[in-house]
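> Sequence unavailable; structure follows:
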């Protein structure tokens, strides 16, 4: 499976394939390029000596990735903050595994940080300290959540739009002190809550072309489709500021039309303006928006 310029299980050179085209820190396991909406997280055996005990949970559904910081308690600064907030900031999180012998980086895929936990772990001197563990779920879980969409997902359950928005914004945030168990289930729950708000916000009118939904669902609700604006592949994390309710024609045009990129960018600008107006705060500046929409 391909994610941008990277193919799962392929090997890449850190300097040539990551730093030369993207920039970012030359040292450390978390790379945050300033001009691209992406975070590179690197795991490997060498991290064990610093207390980074990365790895999959027993059920193989969640990758536990330890935060950066070789001495003392880990804090939510720099790369740790970037991973925790990557959904809200519109950053893709790509995970690589350093190969012990060659030093090449094996691409493990795109992930979403669902929650964080605190755990005692040794630092590079062997002293116990308070560590941060990021519970990462493969982005395919989001795609599965969209594919598993049901009629019940669209019921607003009597809540008004403000209540739905509050629930959606809360679902999009990465919670702290949540265990890895059930992380994949939370991805489905997050997707459902965000979808529910976005379709209620659209109110039966395509947020792209402004035309009424083309038909009604079997439950009588207008048929629109959630579209992840930040990534045309619809592989981006769920956040109500970057998801739109669109008709099937606009959805396909964004994906496959010659003008799809321009339409997607205009749609993203409109949704951001609306959401920040509702929140009564200034939207991101033009540079930030370009990073979000890249």
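Here it is on my side, so go on. Source: prediction; values computed, not measured.

> switch to C-alpha atoms for all contacts and neighbour counts from now on
Fine.

> Need phi/psi at residue 118.
Torsion angles at residue 118 (phi, psi; degrees, to the nearest 10) stand at phi -100, psi 140.

> tell me the mean pLDDT for stretch 271-278?
In this model, stretch 271-278 carries a mean pLDDT of 87.

> mind listing what's buried in it?
Buried residues in stretch 271-278, counting neighbours by 16 or more other CA atoms under 10 Å, are found at 271-273, 275.

> Next: stretch 58-70.
Quick answer for stretch 58-70 (16+ other CA under 10 Å): 61-70.

> could the buried residues of stretch 271-278 go into a markdown table alongside secondary structure and distance to residue 81?
Shown next, in a markdown table, are those (DSSP: H, G, I helix; E, B strand; the rest coil; distance: CA to CA, whole Å):
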| residue | secondary structure | distance to residue 81 |
| --- | --- | --- |
| 271 | helix | 25 |
| 272 | helix | 23 |
| 273 | helix | 25 |
| 275 | helix | 23 |
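
> Which of those residues sits closest to residue 86?
residue 272 (16.8 Å; CA to CA).

> just checking, the closest one touches residue 244?
No: with contact defined as CA atoms under 8 Å, residue 272 does not count as touching residue 244 (10.2 Å).

> Next, find the distance separating residue 87 from residue 193.
As judged by CA to CA, to the nearest Å, residue 87 and residue 193 stand 15 Å apart.

> go on, residue 255?
Distance, residue 255 to residue 193, using CA to CA: 24 Å.

> Report the residue spans of the stretch 101-250 of the chain with pLDDT below the cut-off.
Low-confidence segments of the stretch 101-250 of the chain (pLDDT under 70): 142-159, 171-188, 231-237.

> need the helices for it, in chain order.
Using DSSP state H, counting those that start in this stretch, the helices of the stretch 101-250 of the chain run over 140-147, 161-172, 183-202, 248-256.

> Tabulate those (CSV), appending mean neighbour count and distance to residue 115.
Shown next, in CSV, are the helices of the stretch 101-250 of the chain (neighbours: other CA atoms under 10 Å; distance: least, CA to CA, whole Å):
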stretch, mean neighbour count, distance to residue 115
helix 140-147, 17, 15
helix 161-172, 18, 11
helix 183-202, 22, 7
helix 248-256, 17, 30
